[in-house]
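*Asks:* Sequence first, then the predicted structure:
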Amino acid sequence: MDDEEIRQALRTVEDPEAGMSIVDLGLVYEISSAPGRVRVAMTMTSPACPVAPYLVDEAAAAIRTLAPEGTDVQVELVWDPPWTPERMSAEAQGRFGWKG
């Protein structure tokens, strides 16, 4: 399981408020994997995001669908650097009217 496979799994996690994947929204900051371990650092668009716990749980569940049994999966919520619209994919920026 490599970082791109993990990223693809995370693309299945949709922010219910935005209707787009957490990857396209630019919420996934870092993915690191090693045998038996996956760590993801992600953020929210705002510290007051009401769906933060849900998205963290869904991200971990998405990774577990492809990770070998017993893999230590950690999804950490981080706030530094703060999220900005520039982190979004071009598709997401266009959808929300942001110019990259």
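*Replies:* Thanks, I have the structure now.
*Asks:* Next, name the residue at the spatial heart of the chain.
*Replies:* With distances taken as C-alpha atoms, centre = their mean, residue 28 lies nearest the centre of the chain, 3.7 Å away.
*Asks:* For this protein, just list every one of the helices.
*Replies:* 3-10, 52-64, 90-95 (DSSP state H).
*Asks:* Okay, residue 25 and residue 41: tell me how far apart.
*Replies:* As judged by C-beta to C-beta, to the nearest Å, residue 25 and residue 41 stand 15 Å apart. Where you see a C-beta, it was placed from the backbone N, CA and C, and this is true even at glycine.
*Asks:* Those two: who's more crowded?
*Replies:* residue 25 (26 against 16; other C-beta atoms under 10 Å).
*Asks:* State the pLDDT value of that one.
*Replies:* Here the pLDDT value assigned to residue 25 is 96.
*Asks:* who touches it in this structure?
*Replies:* Residue 25 makes contacts with 15, 18, 45, 87, 88, 89, 92, as judged by C-beta atoms under 8 Å, 6 or more residues apart in numbering.
*Asks:* low-scoring stretches of this protein, by residue?
*Replies:* Across the chain, residues meeting the criterion (pLDDT under 70) sit at 100.
*Asks:* which residues in the protein form strands?
*Replies:* For the chain, the strands defined by DSSP state E occupy 14-15, 20-21, 28-34, 37-42, 72-77.
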